[in-house]
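Asks: Fold the following, please.
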Amino acid sequence: MSKSGMQTRRSAVYLLDQVMGEGRLMSEVIGSGALERLEPADRARAQRLAMDTLRGLERADRVLQKHLKKVPALTVQNVLRLGTVELCQGGAAHGVVNDAVEIIAKNKHHAGLKGLVNAVLRKVDADGQAEWDRLRIPRMPKWLRKPLAQAYGSDVMLGIEAAHFNGAPLDLTAKGDAAALADTIGGELLPTGSVRVPVGQQVSALAGYEAGDWWVQDAAAALPAKILNVQAGEKVLDLCAAPGGKTMQMAAAGAEVAAVDDNPSRMARVEENLKRTGLSATLVVGDAMAQQGAYDAILLDAPCSATGTMRRHPDLPFAKDGSEFGDLIGMQEVFLDHALSLLKPGGRLVFCTCSLLPDEGEVQVEESVARWSGVSVDRDAVLIEGVDPDWVTEEGGLRLRPDYWADRGGMDGFYMALLRKA
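Replies: Numbers count the residues shown, from 1 in each chain. Prediction:
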């Protein structure tokens with residue numbers, strides 16, 4: 001048994017306990033330094049194990065239910081869930097079961113259940129994988145599935161849920177020639193110009209990392225800046241800018257970018273990435289609503305439910321319950337109105353959200369155009385290279401979903417539209 005393996009699995013269980021017991025986002029837990037005692041590779045593996053467990057949680061509970069007379073305490077349940085997911089996805093029983101037993105044996109509250117954990121996981125190892133493969137794709141929680149099914153229909157929901165279950169590949173945005181980057185690292189050049197990395201690659205080990213030739217950015221998240229299409233010398237405002245992928249895209253185009261976000265730690269990451277890539281922008285840690293001035297172009301990636309990123313953040317539906325939707329929608333309207341007030345006459349603004357909810361996308365743009373005389377949606381602007389015309393919505397925005405490009409590994413859910421000021 002590997003000591004680091006046991007520590008990694010125990011850390012994964014801790015992450016599950018925090019998400020499901022305390023309602024915390026995994027990024028918040030990791031950002032607090034809770035896993036700092038682990039080596040970077042073990043820390044990444046703990047996070048991956050926890051995410052795999054969350055994606056397969058419904059299946060894991062179905063496999064476990066026939067082996068349990070009653071539901072145990074959350075920590076014990078999460079040890080069993082983690083072990084079940086590993087075993088049903090081909091993990092070696094010796095390491096998985098032994099580590100699970102030791103995790104419980106060293107827990108002063110649950111040490112007496114180590115025999116139960118051993119017995120249950122041995123049974124799962126015997127017949128769990130065959131049952132796992134027969135079970136349906138895990139579904140979203142009802143609080144989220146219901147509004148999305150109303151928006152897109154049940155067939156689309158099955159495709160979105162399949163994309164969530166499969167997880168997300170890694171996409172890169174090249175500072176220079178994307179085709180050359182794809183050739184160098186053996187990646188796939190996507191139709192919109194992003195580079196998709198083969199599964200299992202370590203980011204910092206990829207060619208061009210130290211040289212700053214690229215940065216990590218989902219293919220969908222790279223499109224708002226492409227649609228805004230800033231030009232060299234333009235005065236550009238990037239509101240709610242962290243983690244900075246769009247800032248770097250616009251800086252690479254030669255624009256004079258002011259990037260604003262109210263989160264100091266996330267803005268520190270933007271500064272690090274700018275330094276690594278050799279790009280420059282003016283960074284402002286502050287409130288988007290406090291910004292003044294007049295800009296040629298503005299990119300507003302508004303605060304939202306982040307429901308479009310669930311395939312890479314499977315903790316979201318467990319850490320949230322949808323109660324914040326109303327406040328977020330109201331905030332988006334206020335932010336969008338303020339951003340439009342900072343736009344020069346003849347200027348353009350891209351409004352985007354990493355949300356699957358139409359109320360955080362299509363509806364916001366429709367209502368904004370109704371409120372603002374002289375502001376219109378430029379439908380043609382979103383028809384950039386690689387975009388399927390069927391993704392363009394009635395009001396002229398671009399709706400992206402995780403089930404698009406399913407044969408390539410999908411994309412994040414996003415909405416974006418370009419508004420022009422007369």
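Asks: Torsion angles phi and psi at the spatially most central residue of the chain?
Replies: Geometric centre of the chain, nearest residue: residue 309, 3.4 Å, by C-alpha atoms, centre = their mean. Main-chain dihedrals, residue 309, degrees, to the nearest 10: phi -110, psi 20.
Asks: Please name the residues that touch it.
Replies: Residue 309 sits next to 218, 316, 354, 412, 413 when contact means C-beta atoms under 8 Å, 6 or more residues apart in numbering. Backbone N, C-alpha and C define where each C-beta goes, glycine included.
Asks: Report the two of these separated the most.
Replies: Farthest apart among those by C-beta to C-beta are 218 and 316. That separation is 14.8 Å.
Asks: Out of the contacts of residue 309, who's the most crowded?
Replies: Most neighbours among the contacts of residue 309, by other C-beta atoms under 10 Å: residue 413, with 28 neighbours.
Asks: how much space between residue 339 and residue 239?
Replies: 6 Å (C-beta to C-beta, to the nearest Å).
Asks: what touches both of the two?
Replies: In contact with both residue 339 and residue 239: 288, 298, 300, using C-beta under 8 Å, 6+ apart.
Asks: tell me, how many neighbours does the first one end up with?
Replies: Residue 288 sits with 22 neighbouring residues when counted by other C-beta under 10 Å.
Asks: so where's the stretch 151-300 of the chain uncertain?
Replies: In the prediction, the stretch 151-300 of the chain carries no residues with pLDDT under 70.
Asks: Name all residues that make contact with the closest residue to residue 384 other than its chain neighbours.
Replies: Nearest non-adjacent residue to residue 384, counting by C-beta to C-beta, 6 or more residues apart in numbering: residue 226, 5.5 Å away. Listed by C-beta under 8 Å, 6+ apart, the contact set of residue 226 reads 192, 193, 249, 384.
Asks: Mind jotting down where the strands sit in the protein?
Replies: All strands of the chain, identified by DSSP state E, fall at 170-174, 188-189, 195-197, 214-216, 235-239, 256-261, 282-285, 295-301, 343-353, 375-377, 398-400, 414-421.
Asks: among the ones you listed, which is nearest residue 100?
Replies: Using C-beta to C-beta, the strands of the chain put strand 170-174 closest to residue 100, at 29.1 Å.
Asks: Okay, now the sheet partners of the closest one, with direction.
Replies: In the sheet, strand 170-174 lines up against strand 195-197 (antiparallel), strand 214-216 (antiparallel) (DSSP bridges).
Asks: I'd like those laid out as TSV, including mean neighbour count.
Replies: Formatted as TSV, these follow (neighbours: other C-beta atoms under 10 Å):
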stretch	mean neighbour count
strand 195-197	23
strand 214-216	23
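Asks: now those as CSV including distance to residue 245?
Replies: CSV is the format used below for the strands paired with strand 170-174 (distance: least, C-beta to C-beta, whole Å):
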stretch, distance to residue 245
strand 195-197, 13
strand 214-216, 6
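Asks: closest one to residue 363 among those?
Replies: strand 214-216 (30.4 Å).
Asks: Name the residues that touch that closest one?
Replies: With contacts defined as C-beta under 8 Å, 6+ apart, strand 214-216 is touched by 170-175, 181, 195, 203, 206, 208, 244-245, 248, 273, 276-277.
Asks: hmm, try it at 10 Å
Replies: Contact partners of strand 214-216, identified using C-beta atoms under 10 Å, 6 or more residues apart in numbering, comprise 170-176, 178, 181, 184-185, 187, 194-195, 197, 203, 206-209, 222, 243-245, 247-249, 252, 273-274, 276-277, 279.
Asks: In ChimeraX, how would I select the buried members of those residues?
Replies: Only the buried entries of the contacts of strand 214-216 go into this ChimeraX selection, using 16 or more other C-beta atoms under 10 Å:
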select :170,171,172,173,174,175,178,181,184,185,187,194,195,197,206,208,209,222,243,244,245,247,248,249,252,273,274,276,277,279
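Asks: picking up where we left off before, right, and the strands of the chain - which one's nearest residue 330?
Replies: For the strands of the chain, distance to residue 330 was read as C-beta to C-beta. The smallest value, 13.5 Å, belongs to strand 343-353.
Asks: Which strands border the closest one, and is each parallel or antiparallel?
Replies: strand 295-301 (parallel), strand 414-421 (antiparallel).
Asks: May I see the buried residues of that strand?
Replies: The neighbour-count check on strand 343-353 (16+ other C-beta under 10 Å) flags 343, 347, 348, 349, 350, 351, 352, 353 as buried.
Asks: do stretch 380-400 as well
Replies: Going by neighbour count (16+ other C-beta under 10 Å), the buried part of stretch 380-400 is 381, 382, 387, 392, 393, 395, 396, 397, 398, 399, 400.
Asks: one step back: redo the contacts of residue 226 as JSON lines? Include distance to residue 335.
Replies: Output for the contacts of residue 226, formatted as JSON lines (distance: C-beta to C-beta, whole Å):
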{"residue": "192", "distance to residue 335": "26"}
{"residue": "193", "distance to residue 335": "28"}
{"residue": "249", "distance to residue 335": "20"}
{"residue": "384", "distance to residue 335": "24"}
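Asks: Please list all residues in contact with the closest residue to residue 72 other than its chain neighbours.
Replies: Nearest non-adjacent residue to residue 72, counting by C-beta to C-beta, 6+ apart: residue 113, 6.5 Å away. Applying C-beta under 10 Å, 6+ apart to residue 113 gives the contacts 72, 73, 75, 76, 79, 80, 101, 104, 105, 107, 120.
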